[in-house]
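Engineer: Quick check, what structure comes out for this input:
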Amino acid sequence: MKDFYQILEIPDDATQDQIKAQYRFLVQAWHPDKFGSPESKDKAEERLKEINEAYSVLKDPAKRSEYDKARIFSKSVAGSQPNDYSNTTTNHESEENSERENQPRESEFQRSYPKLSRKPQNKSTKRKTQTTVLLTSIAGIFFISFFVLVGIAWTFLRQSTPTTTNIMTQTVTQRVDRSPTASITPSITPIISSFPSAGEITDNFAIPMKLVPAGKFKMGSNIGAKDETPTHEIFLDSFYIDKYEVTNAQYTKCITAGLCQPPKQYNSTAYDDYFTNSKFSNYPVIFVDWYMAKAYCEWRGARLPTEAEWEKAARGVDERVYPWGNTFDGTFLNSCDETCAHESANSEFSDGYPDVAPVGSFEKGQSPYGIFDMAGNAWEWVGDWYSPAFYGESPLQNPSGPSSGQYRVIRGGGWRDQSNGVRASVRVYFEPINAYEFLGFRCAKSIIP
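Structural biologist: The predicted structure is shown next:
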């Protein structure tokens, strides 16, 4: 007897809302268009058939009740049978789920997506990880020294050529509104002048942001899913966008200020103390929903980028497939490779991270504007509502998505995805109250003339 709960990768006590959310995620994750080879597409189609079969039963309370009775009877007679997806729910996880059931239940979205098992690392993988850490440390020392020298030169030039341009002005306001749909008036509202247009600035919270200059670019793709078409040329005004994904440490400051809610869960897939342990302070914050991401950006005097802004920042103006070019290279990003505990893992690469990685870890994966992690690591919320047909009716200048909808767009792919899922044009969507272990965000700012 098939175990529909394991096929959907959900606990036995999952609510109907959790089942629906997980089904929608799996349908997107296993869509054949996201896989390159014919063999992978065939496997995805077979997986989708089983997912649809399981969902058709579990979504109906009456059918689910009958199935549960038959499942219990089957187990009592023959015992639990192994299946193709047993690797996604380990004994260790079952023990963890039992422990959670004995604890006070938190919000339903805190358990809307099950934790994946952590793939044990062999000695070879550990040596690769140690080598990666050593090389990363050496590279870090080199780049810190380089930027110190650049800073000294810049300071000398500014002292020798005085300027009266005021890059930042501040207006201070304070208002707290806890309603999920209300906007939080930022405590500091920077206004960035149009001159000089530095390639990189640091905002009032010491967070680096990169300039994406005004101009046209082609949005969308003819090699992806239907909602990525048609490709269309649009014009965007200049804007700044975070150089890195928002980190645990940065988000914690907003919580301390009383204007942000804590993440809906403190763990990651591999680490139980992911948000609370300081060694992960420079990792992307996860388990935040769209409203929480929006509130944080507004606290900084910023906003979530539009879908169009995000895509231009990721791929530039030459219609490249990935931030670095048109050819996938697993060493340029954090994606699902040898260390990823998922059945679709690509064993040709190993980045040394079982789930998310520290922001800015992949120097070669930068976008044309010097922005990190626009492919892989964590998916990112953007400001737009989702519409599969929006590209066919998009405004030609500064589009910001449909005026309303049910789902919000996420972009960039994550550590659980492979080559097709991390393309710069890929569009995925979730309800704005959803939060997952693979989903984070970054902020943007307009440039005021």
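Engineer: and the gap between the residue nearest to residue 316 when sequence neighbours are not counted and residue 305?
Structural biologist: Distances taken as Cβ to Cβ, 6 or more residues apart in numbering place residue 368 nearest to residue 316, at 3.5 Å, with adjacent residues excluded. The C-beta positions use only the backbone N, C-alpha and C, and glycine is treated the same way. To residue 305, residue 368 is 16 Å away according to Cβ to Cβ, to the nearest Å.
Engineer: Show me which of those two is the more surrounded one.
Structural biologist: residue 305 (29 against 18; other Cβ atoms under 10 Å).
Engineer: Next up, the contacts around residue 361.
Structural biologist: 136, 334, 353, 372-373, 377 (Cβ atoms under 8 Å, 6 or more residues apart in numbering).
Engineer: Pick the one among these closest to residue 41.
Structural biologist: Lowest distance from residue 41 to the contacts of residue 361 (Cβ to Cβ) belongs to residue 334, with 24.5 Å.
Engineer: secondary structure class for the residue nearest to residue 316?
Structural biologist: Recorded secondary structure, residue 368: coil (DSSP: H, G, I helix; E, B strand; the rest coil).
Engineer: and the top strand by length along the chain, what's its mean pLDDT?
Structural biologist: Counting residues, the longest strand in the chain under DSSP state E turns out to be strand 379-385. For strand 379-385, the per-residue pLDDT values average out at 98.
Engineer: Can you give me the buried ones in it?
Structural biologist: 379-385 (16 or more other Cβ atoms under 10 Å).
Engineer: Same check on stretch 279-290?
Structural biologist: For stretch 279-290, using 16+ other Cβ under 10 Å, the buried residues are 280, 282-290.
Engineer: Kindly report the same for stretch 227-243.
Structural biologist: Within stretch 227-243, the residues scored as buried using 16+ other Cβ under 10 Å are 227-229, 234, 236, 239-243.
Engineer: quick one, what contacts the residue lying closest to residue 357 once chain neighbours are set aside?
Structural biologist: Leaving out its chain neighbours, the residue that sits closest to residue 357 by Cβ to Cβ, 6+ apart is residue 334, at 4.3 Å. The contact partners of residue 334, by Cβ under 8 Å, 6+ apart, come to 351, 353, 356-357, 361-362, 373, 376-377, 415.
Engineer: Equivalent analysis for residue 282, please.
Structural biologist: Contacts of residue 282 by Cβ under 8 Å, 6+ apart are 247-249, 358-359.
Engineer: Surely it is in a strand?
Structural biologist: No - according to three-state DSSP, the state of residue 282 is coil, so it is not within a strand.
Engineer: re the thing from before, specify which member of the contacts of residue 334 is nearest to residue 3.
Structural biologist: Nearest to residue 3 among the contacts of residue 334, counting by Cβ to Cβ, is residue 415 at 26.4 Å.
Engineer: Okay, and the closest residue to residue 59 other than its chain neighbours sits in which element?
Structural biologist: Counting by Cβ to Cβ, 6+ apart, residue 19 is the residue found nearest to residue 59 once chain neighbours are left out, at 6.2 Å. If you go by DSSP states H and E, residue 19 is part of helix 16-29.
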